[in-house]
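Participant: have a look; sequence and predicted model below, questions after that.
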Amino acid sequence: MVEHFPDTDVQRSVQIDLEMIRYYRKEIAVLDKHILINVKNHDPDAHHILRTYCGIGPILSLIYFTRFLISGGFHVFKTLPHVPAW
């Protein structure tokens, strides 16, 4: 990909950007795993309920879980009708 740019300064800039992307992908994966383990340990039933709703994947379920857990309003999700995921 870097070789598509004729200017060596641009090539170096793109190369650095790609290295940062690779690094952050690894770090974010480690962080995601850590957060998921903590959420599952904190309230596995609530996490499972969130994951059963169609369209709510692992990232969105963590966002909902932490936002509603902090605000104390997670009971709303427990009262919604169950819709199985595809």
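Facilitator: Cool, the structure landed.
Participant: domain parsing for this protein?
Facilitator: As given by automatic domain parsing, the domain ranges for the chain are 1-42, 43-86.
Participant: export the ones you listed to CSV and append columns for mean neighbour count and mean pLDDT.
Facilitator: C-beta here means a position set from N, CA and C on the backbone, and glycine is covered the same way. As requested, the domains of the chain are exported to CSV (neighbours: other Cβ atoms under 10 Å; pLDDT from 0 to 100):
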stretch, mean neighbour count, mean pLDDT
domain 1-42, 11, 89
domain 43-86, 13, 68
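Participant: from the contact counts, what lies against the strand or helix carrying Leu31?
Facilitator: Taking DSSP states H and E as the criterion, Leu31 maps to helix 8-42. Helix 8-42 makes packing contacts with helix 58-71 when contacts are defined by 3 or more Cβ pairs under 8 Å, 6 or more residues apart in numbering; DSSP states H and E.
Participant: give me the angle between the helix it packs on and helix 8-42.
Facilitator: Angle, helix 58-71 to helix 8-42, by axes from the mean of the first three to the mean of the last three Cα atoms, to 10 degrees: 60 degrees.
Participant: can you give me the offset of helix 58-71 from its chain's centre?
Facilitator: Centroid separation between helix 58-71 and its chain, computed with Cα atoms, centre = their mean, to the nearest Å, is 10 Å.
Participant: chain neighbours aside, what residue packs nearest to the residue nearest to the spatial centre of the chain?
Facilitator: Among the residues of the chain, the one closest to the centroid is Ile59, at 3.2 Å (Cα atoms, centre = their mean). In space, Ile59 comes closest to Asp32 once its chain neighbours are excluded; the distance is 7.5 Å by Cβ to Cβ, 6 or more residues apart in numbering.
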